[in-house]
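> Pasting the sequence and the predicted coordinates here, then a few questions.
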Amino acid sequence: MATRDSLPGPDPSVRDRLRFARQSVGELVPTPGEGIVGYVFLLPAFVLFGVFLAFPIIYTFYLSFFRFNGVGNDTLLWIDTGFFSYRLTSIADLEFVGLANYTTMFSDSLFHQALFNTTFILVVQVPLMVALALLFAVALDASFVRLRGVFRTVLALPVSANLVAYSTVFLLMMQDAGLVNYILTSLGLPAIPWLTSSFWSRITIVGAVTWRWTGYNMIILLAGLQNIPQQLYEAAEIDGATRIQKFRYVTVPQLRPVLLFVFVTSTIGTFKLFSEPVIINGGGAPLDSTITIVQYIYQAAFIDFRLGYASALTYVLIAIVSVLSAIQLNVGGDSDA
Amino acid sequence: MSRITLYTVRKEFGSGGDKILAVEDIDLEIRDGEFLVLVGPSGCGKTTTLRCIAGLEDVTSGRITFGDRDVTGLRARERDVAMVFQNYALYPHMDVRRNLGFGLKLSTKLPAAEINQQVEDVAEMLGIEELLGQKPKELSGGQQQRVALGRAIIRDPEAFLMDEPLSNLDAKLRSQMRTELQTLQHELDVTTVYVTHDQTEAMAMGDRIAVMNEGTLQQVGTAEEVYRDPVNEFVADFIGSPSINVFDATVDGARLDGPGDFSYHLSETDPVDGLRTVRVGIRPEDIQLVDDGIELGVNVLEPMGNENFLYATLGEQEATARIDPTNRPQPGESVSFAFDEAALYLFDPETGASLKTKRDGVVPTTPDSIPNREGVESTTGTGPDTGSNDDQIEETVE
């Protein structure tokens, strides 16, 4: 049997000393703690988050107190090593204006128009879409409906439609001599100025957005419906509830958290409406009656280059959406399901 | 309160080739104010039968009447029954007060104050007054159980239908609620159909027990009737804990030869006349350990405190005996046993039908001899030998 002393190599005492030395050196060199290693792995995500989310959020707020006068040319940092020189310039040439960007909004009629348009679309579209989604979801959840899988797929299919592509199709269908008016006139009904009347052009947007998002919300509501225990309906039936009472006293309260989610996300989505009005109605035509808030922000920022004002508008939009969501959560979310 | 009658009730699920027969042509009468327990193994159709009575399932054929009212085509909400579900099915978004009052709110025109008063009365009766403001998820299992009961009681329905209401409770609470439920049912005197798979619960609670198997009704009777005088081997085996010992024996005149050295001379040979083999049944408590008798090999001894369960082998056959706690044979030992012929059960080897049941002089209680049953009409008694007590209804299915 090989003992310690019979092993080949240096004298055992030398080996011991070597090992001791290795250990003490190991203790001297700082090893990264587990926490640090974890953060290293998280770094890519943090960097991406910081550069593309956190920085813009903060910088937009900063910008909203300035007037943008062009790309920056001021030197912030100059490094000259003799071999090469490096100059860091400011991002933009800014002029501090205090709260002027915010006060301007009070007298900006185009902003008021955009706010009105968006609110109009919101008030008509969100309840209509949620009601439709709920109707389809309840219908698909009913046991007597056949071919449920097929209907579910067909109703959810618009979600996969590309925003630009479907908006273009709507644009074509809604032309004065388009498919929809062709059908209307074939049926002996008057043609409707879908794109040229202020009122109808908003309705067109409502229709397009509803078509695109009803299926998506229906799937969410359907999942919520299927989570309601069947026995609650049976208990309600025994308690004497009619079909409508079951819907009112079991389905709606049980579905409340899901309905709330659908309302909040739809409200936020509609406030961020951009592609559809841009493609279907061009620049908010007719007469700015379809221009939405985000579209107006886009115009201010990237067409008029009023970056400071656009930033202020962005923050106002965030404030409006936050307040609306808070109200919805307060009204709908106080009682648990 | 009313009598519930099932006339040849049949329930099939699915159609065509996937058809499943859940309940096969059941005839059953549940008397006014009676506590009837539907018992049977999983999948025997007892819950489906209950749901047919409730109106939660349509019957495929047959009729159901409450008193003189035919309810076969009525929806559950039109039948005026109350149901307690296994997992209680309380409305999670309503507090206890609204859970209790919901049925009254929907099915009556009572003013809110009156409903509130009734809610408080029922809550007081069940001792849950302090829970009225709470949501179901804040309650313990036993408290939820009480709320579910309260929700049934407050409606003052024609019948209580209970689907394994105690099975989600722990053992101690279960036996406590068992007594409470019985007391409550006796006080309210409402016709009750109670479904359970637990034969102990069935025997303890039911005025009468209806034993079901594979969709058919096997036997209806008091606990003692189904225990002492089962109609067939299935009922004998299902009722009683530990289960009855049953094994094959060959018939040679008056002599029965079974597994191991089992051999017995019948003094009464009528039941086995003309048979070459027979199924022999002996209840565990009828096995008496004696010095000289049939040999049993001891496998396991389970002390229960008041008695010992002896698990042994009789030839190749497993056998169970309930013996005196002072008697402690060790595994590996052999013991001898004897039994009274009066306690012997004999079953037909082909059909399982009883040829002979316990005849030890104890007269089983019949539903009419049960005290405090004012609602029960004194019609013909259901003695052990009368298979039916109603002209139209045959309660025992062969």
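That came through, no problem. Note that the structure is predicted; figures quoted are calculated from it, not measured. Numbering: from 1, shown residues only, chains lettered A, B, ... in the order given.
> If we go by neighbour counts, what in the helix or strand where residue A:256 lies is buried?
Here residue A:256 sits within helix A:252-271, counting by DSSP states H and E. By neighbour count on 16 or more other C-beta atoms under 10 Å in any protein chain shown, the buried set for helix A:252-271 is A:253-256, A:258-264, A:266-267, A:269-271. Yep, even glycine has a C-beta here, placed from its N, CA and C like the rest.
> per-domain residue ranges of chain B.
Following automatic domain parsing, chain B resolves into domains at B:4-228, B:243-356.
> most tightly surrounded among those?
Ranked by mean neighbour count under mean count of other C-beta atoms under 10 Å in any protein chain shown, those are led by domain B:4-228, which reaches a mean of 19.
> same question for that one, mean pLDDT?
Averaging pLDDT along domain B:4-228 yields 91.
> That one close to chain A?
Yes. Using C-beta under 8 Å from any C-beta of the partner chain, domain B:4-228 reaches chain A at B:54-56, B:75-77, B:81-83, B:85, B:87, B:89-94, B:102-103, B:106-107, B:135, B:151, B:155.
> For the residue in the stretch 101-250 of chain B that chain A sits nearest to, give me its contacts.
Residue nearest to chain A within the stretch 101-250 of chain B: residue B:107 (3.3 Å; C-beta to the nearest C-beta). Residues counted as contacts of residue B:107 (C-beta atoms under 8 Å, 6 or more residues apart in numbering or on different chains) are A:239, A:240, B:77, B:80, B:155.
> these two touch, right, residue A:313 and residue A:105?
Yes. Contact status for residue A:313 versus residue A:105: in contact at 7.0 Å, counting by C-beta atoms under 8 Å.
> And the two? Which one has more around it.
Neighbours per residue (other C-beta atoms under 10 Å in any protein chain shown) separate residue A:313 from residue A:105, with residue A:313 holding more: 27 against 14.
> check contacts around residue B:97.
B:116, B:119, B:132, B:133.
> Phi and psi next, for residue A:164.
Phi and psi for residue A:164, reported as degrees, to the nearest 10, are phi -70, psi -40.
> Now do the same for it: its pLDDT.
87.
> repeat for residue A:190
Reported pLDDT for residue A:190: 85.
> Compute the number of surrounding residues for it.
Per other C-beta under 10 Å, the neighbour tally for residue A:190 reads 8.
> Which residue is the nearest non-sequential neighbour of it?
Leaving aside its sequence neighbours, residue A:190 sits nearest to residue A:184 (C-beta to C-beta, 6 or more residues apart in numbering or on different chains; 7.1 Å).
> so how far is residue A:176 from the one you found?
Distance, residue A:184 to residue A:176, using C-beta to C-beta, to the nearest Å: 11 Å.
> what is in contact with these two at once?
Joint contacts of residue A:184 and residue A:176 (C-beta under 8 Å, 6+ apart) are residue A:191.
> the more surrounded of these two?
residue A:184 (14 against 11).
> May I ask which helix or strand encompasses that one?
Going by DSSP H and E, residue A:184 is part of helix A:179-186.
> how distant is that helix from the center of its chain?
35 Å (C-alpha atoms, centre = their mean, to the nearest Å).
> That one packs against which elements?
helix A:163-173 (3 or more C-beta pairs under 8 Å, 6 or more residues apart in numbering or on different chains; DSSP states H and E).
> quick one: the helix it packs on to chain centroid distance?
Worked out by C-alpha atoms, centre = their mean, helix A:163-173 lies 21 Å from the chain centre.
> Show the contacting residues for residue B:247.
B:258, B:259, B:262, B:279, B:280, B:314, B:317, B:319.
> Among these, pick out the one closest to chain A, please.
Distances from chain A to the contacts of residue B:247, taken by C-beta to the nearest C-beta, are shortest for residue B:279, at 41.3 Å.
> okay but the closest one is in contact with residue B:245, surely?
No. Assessed by C-beta under 8 Å, residue B:279 is found out of contact with residue B:245, at 10.7 Å.
> who does residue B:196 bridge with?
residue B:39 (DSSP bridges).
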